[in-house]
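Enquirer: Below are the sequence and a predicted model for it; my questions follow.
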Amino acid sequence: MVSLLSIQDVTRVYRLHGKKIWALKEISLEISPNQTLGIAGESGSGKSTLARLLMGLEKPDQGKILYKGNDLAGMNKKTLRAFRRHLGVVFQQPQLSFDPRWTLERSIEEPLRFIAKTKKERRSLLVREAAAQVGLSEELLTMFPQQLSGGQLQRAAIARALIMKPELLILDEPTSALDISIQAQILNVLRELKNKLQMTFIVISHDLPALSYLADQMVIMRNGKVVESGTKDETLRRPQQEYTKMLLASAL
Amino acid sequence: MTQTLLTVEHLTVSAGQTPLLQNLSFTLKKKETLGLVGESGSGKSMTAWSLLGLLPPGVFVQSGKIIFKGDDLRRFSQAQWRVLRGKGLAMIFQNPQTAFNPLFTVGKQMDNAIAAHFDETKKTRRERAMFYLRQAELSDSGRILKSYPFQLSGGMLQRVSIALALSLEPELLIADEPTTALDATIQFQILNLLQKLQKQFKTAMLVISHHFGVVSKLCTQIAVMYNGRIVEAGLKSDVLNQPLHPYTRALLASRPVNLLSGQTLKTIPGTPPAAGTVTDGCAFAPRCSQRFELCDKAVPPELISNNRRVACFLKPKYDAEKITD
């Protein structure tokens, strides 16, 4: 199978007070189209650095990230923008991902206005379609972020990420900031989308059980390295590494 | 007979006209461990702040009693509170990074707390601090004392705050989401540590968490809160194995850990009510799959039998089911 994303020997180093911090050390991963990849790791494992590199927000110090064979680092502003058109992102804190002065509808339709230059009537239709897809009731669209709960906002964030019908959706800790009963709702929304849409999902989380609900493939990261990777069942049922076993045993 | 340490009776806490805790009652005996479980806005942290006399400005105890070792805490003066906090009731906070003063070493802060409660020489105070740091499995206790909070990791700092709390020999330890800010493997270590220390020092403990896993690891009793009320309470084994309130059932079914065993995730529709929401009927009714007419009209009373408390009109039905099982 041809990879959608190919991460080849990627290293990312940050410098803090003259000291080098190796956020990622020679990481290689292949991400196939229409698969869901779960990336698990604790703080400092490099999972969020990896997410930023995949979004093209940062460049690796060494190695390459290829999107359909094209190196992200070699892209100019224009081609990078074209790449991001096919990319949706959902962040951990839904409260921080919305402009407080905009209604939900205005926020969700922003990519259509800004990138696709879609006409007004069509935008309205697409926003309602996306809202229905994530179980966000239509009357909430006229509300402002401050009027909504974390779960409702996270649904809206997913709707916004889907509105351009991206090939790839990156979710960075999409349920960590939510209440337990709401986490379950969002996990079910994501699972339904994954089963319904022909799309690639990358889900990053420290919550192994939540990842296991969504992922086909799993990657376990620690200290900037991949310690274990494989299908979900292999990783959960027959973990090879002590660290993976420890993570599994720590799940409450 | 074990002695009762803490009795909370019909406690109602309000912000203006908005009730944040409604008619809350529970007791804790010496050496006992109780876990309060609930989602945001359920009032679990507000309960802890009421016990410590640290309610935010504008929030006050409207009615009810908090009795600790026979004294009504509502009548306490500032001076009495100062003695009680730390030595009577100690608290472990969610985020150890914000629980310490960044400008002083950990040793200085431990020493200040110990000096406030014990008439001991400087040398004895230092020995006391080092003893409890070692109990919290921080081997290099001399170095820890010299460290500033930012020089220690989150897990180490949480160990220090546990050591600090225990060094005052409190009778009741309140832990508000003690591991929520920590990584999974560190969370596991800290829970094991708390479990060990509770057994060793026999301190009564009130654990507050949104996480059933945390509470069930540390506590023998569990109370489930929703919209400022306790909806179900009982022995851990009863509440976990035979949850009676539909909210408890639904919350247990929606725990992500179920997913590791391949179970599907059942969800509760809707969102938990914002703190202080006033309802005519049961606050959970709008999200409840078992709801019937009465649920919207009256607040279900707490029905008590066999050491179980459940605030649900359907309790008799569940009891009958349990008998036929």
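Expert: Sure, I can see it.
Enquirer: Need the CA coordinates for the lowest-mean-pLDDT helix or strand in chain A. CSV is fine.
Expert: The weakest-scoring helix or strand in chain A, judged by mean pLDDT, DSSP states H and E, is helix A:77-84 (a mean of 88). C-alpha atoms of helix A:77-84 as CSV (Å, rounded to 0.1, in the frame of the first residue of the first chain):
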residue,chain,number,x,y,z
LYS,A,77,4.0,28.8,1.3
LYS,A,78,1.8,28.2,-1.7
THR,A,79,2.2,24.4,-1.8
LEU,A,80,2.1,24.2,2.0
ARG,A,81,-1.3,25.9,1.9
ALA,A,82,-2.5,23.5,-0.7
PHE,A,83,-1.4,20.6,1.5
ARG,A,84,-3.2,22.1,4.5
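Enquirer: Run through who's touching that helix.
Expert: For helix A:77-84, contacts defined as CB atoms under 8 Å, 6 or more residues apart in numbering or on different chains pick out A:55, A:56, A:67, A:70, A:72, A:75, A:115. (C-beta placed from N, C-alpha, C; glycine too.)
Enquirer: any idea how far the third one is from residue A:82?
Expert: I take that to be residue A:67. 10 Å (CB to CB, to the nearest Å).
Enquirer: Looking only at neighbour counts, state which of those two leads.
Expert: Counted by other CB atoms under 10 Å in any protein chain shown, residue A:67 and residue A:82 do not tie: residue A:67 has more neighbours, with 22 against 11.
Enquirer: give the contact list for the more buried one.
Expert: The contact partners of residue A:67, taken as CB under 8 Å, 6+ apart, are A:4, A:5, A:83.
Enquirer: If it is in a bridge, with which residues?
Expert: In this entry, residue A:67 is beta-bridged to residue A:5, residue A:70, by DSSP bridges.
Enquirer: Show the pLDDT at it.
Expert: We have a pLDDT of 93 for residue A:67.
Enquirer: Tell me the secondary structure of the residue in chain A that chain B sits nearest to, please.
Expert: Nearest residue of chain A to chain B, counting by CB to the nearest CB: residue A:252, 2.6 Å away. Of the three states, residue A:252 takes coil under DSSP: H, G, I helix; E, B strand; the rest coil.
Enquirer: and it, how far is that from residue A:109?
Expert: As judged by CB to CB, residue A:252 and residue A:109 stand 40 Å apart.
Enquirer: Ok, residue A:74 next?
Expert: 32 Å.
Enquirer: count of residues packed around residue A:139?
Expert: Residue A:139 has 7 neighbouring residues, counting by other CB under 10 Å.
Enquirer: ok, and what's touching stretch B:304-317?
Expert: With contact meaning CB under 8 Å, 6+ apart, stretch B:304-317 is reached by B:229-235, B:238, B:244-246, B:282, B:290, B:292, B:294-295, B:299-303, B:318-319.
Enquirer: Out of the residues you listed, which end up buried?
Expert: Buried members of those, counted by 16 or more other CB atoms under 10 Å in any protein chain shown: B:229-234, B:238, B:244-246, B:282, B:290, B:295, B:299-300, B:302-303, B:318-319.
Enquirer: Turn the contacts of residue A:67 into JSON lines, columns for neighbour count.
Expert: JSON lines is the format used below for the contacts of residue A:67 (neighbours: other CB atoms under 10 Å in any protein chain shown):
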{"residue": "A:4", "neighbour count": "20"}
{"residue": "A:5", "neighbour count": "20"}
{"residue": "A:83", "neighbour count": "18"}
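Enquirer: can those residues go into JSON lines with extra columns for distance to residue A:192?
Expert: JSON lines is the format used below for the contacts of residue A:67 (distance: CB to CB, whole Å):
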{"residue": "A:4", "distance to residue A:192": "21"}
{"residue": "A:5", "distance to residue A:192": "24"}
{"residue": "A:83", "distance to residue A:192": "27"}
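Enquirer: just to revisit the earlier point, neighbour count: residue A:74 and residue A:109, which is higher?
Expert: Per other CB under 10 Å, whichever of residue A:74 and residue A:109 has more neighbours is residue A:109, with 25 against 11.
Enquirer: Do you know the pLDDT at the more buried one?
Expert: Per the predicted model, pLDDT is 96 at residue A:109.
Enquirer: Now do the same contact list for it.
Expert: Residue A:109 neighbours (CB under 8 Å, 6+ apart): A:118, A:123, A:124, A:126, A:127, A:163.
Enquirer: Going by secondary structure, it is in what exactly?
Expert: helix A:104-111 (DSSP states H and E).
Enquirer: do the same with residue A:21
Expert: strand A:19-31.
Enquirer: and if you look at residue A:189?
Expert: Going by DSSP H and E, residue A:189 is part of helix A:180-196.
Enquirer: Buried residues, that helix. List them.
Expert: Buried residues in helix A:180-196, counted by 16+ other CB under 10 Å: A:180-190, A:193-194.
Enquirer: How about stretch A:138-158?
Expert: For stretch A:138-158, by 16+ other CB under 10 Å, it's A:140-141, A:145, A:148-158.
Enquirer: Just give me the closest of the contacts of helix A:77-84 to residue B:65.
Expert: Taking CB to CB as the measure, residue A:55 is the one of the contacts of helix A:77-84 closest to residue B:65, at 55.4 Å.
Enquirer: mind listing what that closest one touches?
Expert: Neighbour list for residue A:55: A:84, A:87, A:89, A:170 [criterion: CB under 8 Å, 6+ apart].
Enquirer: Count the neighbours of the last one for me.
Expert: I take that to be residue A:170. Residues contacting residue A:170 under the criterion other CB under 10 Å number 24.
Enquirer: Using the three-state scheme, assign it.
Expert: Three-state call for residue A:170 (three-state DSSP): strand.
Enquirer: That one touches residue A:202, doesn't it?
Expert: Yes - if you go by CB atoms under 8 Å, residue A:170 and residue A:202 touch, sitting 4.8 Å apart.
Enquirer: Quick check: neighbours shared by the two?
Expert: A:51, A:54.
Enquirer: so can I have CSV of the contacts of helix A:77-84 showing secondary structure and distance to residue B:40?
Expert: CSV is the format used below for the contacts of helix A:77-84 (DSSP: H, G, I helix; E, B strand; the rest coil; distance: CB to CB, whole Å):
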residue, secondary structure, distance to residue B:40
A:55, coil, 29
A:56, coil, 35
A:67, strand, 39
A:70, strand, 44
A:72, helix, 38
A:75, coil, 42
A:115, helix, 35
